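**Q** Got a sequence here, can you model it:
(one chain, ligands or ions: 1)
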Amino acid sequence: MRNLTGAPPAKGTRIVLLLIAQVLAIGASHAQAPANLNFKSEVSKQERIYRSEGDSVPAGYTVDRTLANYVDALSTGFDQALAALGPADRWLDIGAGKGQAILDYYAISYDLSYPQGRERRGRKANAVAMSIEDRRTADWSFSAASAGPNQLQYLFNRRLREYAVAELGQFQIITDVIGGFSYTADLTLFMEKVTSFLTTGGSFYSILQDVRAEAAGNQPYYKDAPFLTEIANEAGGEVQICSWLKSISCVQVTCELKKGWRPPLEAFHVQKVCNEVKVPALTLAHYEAGTPPERRFVLKN
Ligand SMILES: C[S@@+](CC[C@H](N)C(=O)[O-])C[C@H]1O[C@@H](n2cnc3c(N)ncnc32)[C@H](O)[C@@H]1O
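**A** Numbering: from 1, shown residues only. Down below sits the predicted model:
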């Protein structure tokens with residue numbers, strides 16, 4: 001069985017601190033944080049994970065997944081959608097780590113694997129890797145220097161929420177493989193940003209590990225632990241991540257449970273179909289640092 005994180009499967013690998021599910025507003029955005037001092041300490045722990053180097057990188061913090069790993073994990077059709085991009089198109093990978101997936105797309109071997117679109121692709125789509133921390137490698141610098149100007153970009157030191165469309169522009173494809181979608185404390189703002197960076201017709205491909213899938217029936221992967229990301233309504237009833245995504249206006253969503261992974265994954269394909277996107281607001285109720293963190297949100301009425 002595949003293990004997406006490489007992390008040992010024990011619940012103890014997550015840093016445990018339970019937070020009280022009261023909320024208060026933080027920052028200039030509508031981000032919400034549990035009204036507990038521990039939230040700050042969880043955020044600091046999470047920050048240390050992002051900035052970890054060498055031996056201090058936690059075993060579960062994987063930063064070098066290949067494009068083949070992306071194709072395997074993301075929704076069916078992602079690889080064909082990527083292969084169909086031409087030189088005027090753009091791909092953003094949120095939470096790119098070392099940017100290995102983008103490097104693989106730029107490699108000659110990619111054209112051998114996807115020969116049918118090679119001529120139309122020409123010099124390939126522009127690709128932007130985004131990461132909080134700078135994990136560029138010598139391979140990245142070499143490929144970026146060999147490609148045309150601005151063909152390959154690596155953005156770091158900021159989170160997705162800190163960029164505006166006026167600065168980044170829009171993209172035909174946005175991916176996120178255990179990046180910001182798995183790590184953010186503000187899923188509402190995250191999806192507002194993602195949809196603003198998509199062209200109309202553009203697609204967001206992402207996954208979450210260990211969540212209640214649309215094709216329900218699955219239980220939390222770790223004994224006596226909750227799902228890794230959960231949403232509840234104000235009455236305490238469970239809301240599936242897939243249902244919440246489907247309640248966003250102006251998008252079409254498909255959700256695919258990938259049972260072969262340990263923990264199981266749900267893959268999401270969110271296609272923007274019009275511009276009046278409205279994301280139903282979630283409030284953060286619990287955040288526990290980890291790879292990725294454990295999160296609980298409450299859907300506001
Ligand atoms: C576990 S690594 C995954 C790297 C890569 N996708 C892979 O599969 O190898 C998490 C990545 O997400 C990034 N990240 C987390 N939250 C983010 C956010 N809100 N905006 C941008 N990047 C984020 C981290 O900086 C890091 O690059």
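
**Q** who touches Ala127 in this structure?
**A** Residues near Ala127 by C-beta atoms under 8 Å, 6 or more residues apart in numbering: Arg90, Trp91, Leu92, Asp93, Ile102, Tyr105, Tyr106, Gln151, Leu152, Gln153. C-beta here means a position set from N, CA and C on the backbone, and glycine is covered the same way.

**Q** Among these, which one has the most neighbours?
**A** Leu92 (29 neighbours; other C-beta atoms under 10 Å).

**Q** Tell me if the helix or strand hosting that residue is near the ligand.
**A** Assigned by DSSP states H and E, Leu92 falls within strand 90-94. Yes. Interface with the ligand: strand 90-94 contributes Ile94 (C-beta under 6 Å from any ligand atom).

**Q** so what's Ala267 bridging to?
**A** Listed beta-bridge partners, Ala267: Ile207, Glu256 (assigned using DSSP bridges).

**Q** do you know how far Ala96 is from Phe227?
**A** Distance from Ala96 to Phe227, counting by C-beta to C-beta, to the nearest Å: 26 Å.

**Q** So for the two, which residue has more residues nearby?
**A** More crowded of Ala96 and Phe227, by other C-beta under 10 Å: Ala96, with 28 against 24.

**Q** excluding its backbone neighbours, what's nearest the more buried one?
**A** Closest residue to Ala96 apart from its sequence neighbours, by C-beta to C-beta, 6 or more residues apart in numbering: Ala129 at 3.5 Å.

**Q** For the one you found, list the residues it contacts.
**A** So Ala129 contacts Asp93, Ala96, Gly99, Ile102, Trp140, Leu152, Gln153, Tyr154, Leu155 (C-beta under 8 Å, 6+ apart).

**Q** From these, pick the one nearest the ligand.
**A** Distance ranking of the contacts of Ala129 against the ligand, using C-beta to the nearest ligand atom, places Ala96 first at 5.6 Å.

**Q** How about residues contacting the following helix or strand past the strand holding Leu92?
**A** Where DSSP H and E defines the elements, the next helix or strand beyond strand 90-94 is helix 100-106. With C-beta under 8 Å, 6+ apart as the test, helix 100-106 has contacts from 64-70, 82, 91, 93, 96, 110, 124, 127, 129, 139-140, 143, 147, 151-152, 175, 177.

**Q** so where do the strands sit in the stretch 1-150 of the chain?
**A** Along the stretch 1-150 of the chain, the stretches classed as strands by DSSP state E, counting those that start in this stretch are 23-25, 32-34, 90-94, 126-130.

**Q** Count the residues that sit near Ala232.
**A** By the measure other C-beta under 10 Å, the count of residues near Ala232 is 16.

**Q** and it, that's in a helix?
**A** No. For Ala232, which was evaluated using DSSP: H, G, I helix; E, B strand; the rest coil, the result is strand, with no helix membership.

**Q** Nearest residue to it in space, please, no chain neighbours.
**A** Ranked by C-beta to C-beta, 6+ apart and with sequence neighbours excluded, the top spatial neighbour of Ala232 is Val298, at 5.6 Å.

**Q** surely that neighbour meets Glu238?
**A** No. Val298 is beyond contact range of Glu238, at 11.4 Å (criterion: C-beta atoms under 8 Å).

**Q** partner residues bridging Leu92?
**A** Applying DSSP bridges, one finds that Leu92 bridges with Val128, Ile174.

**Q** correct me, but it touches Val128?
**A** Yes. Leu92 sits in contact with Val128 when judged by C-beta under 8 Å, with a separation of 4.8 Å.

**Q** what residues do those two have in common as contacts?
**A** Leu168, Phe171.

**Q** any idea how far the residue of the chain most remote from its centre lies from the ligand?
**A** Farthest-out residue of the chain from its mean C-alpha position, per C-alpha atoms, centre = their mean: Glu119, at 30.4 Å. Going from Glu119 to the ligand by C-beta to the nearest ligand atom, to the nearest Å gives 29 Å.

**Q** And Thr188, by the same measure?
**A** Following C-beta to the nearest ligand atom, the distance that separates Thr188 from the ligand is 13 Å.

**Q** Alright, calling it a day.
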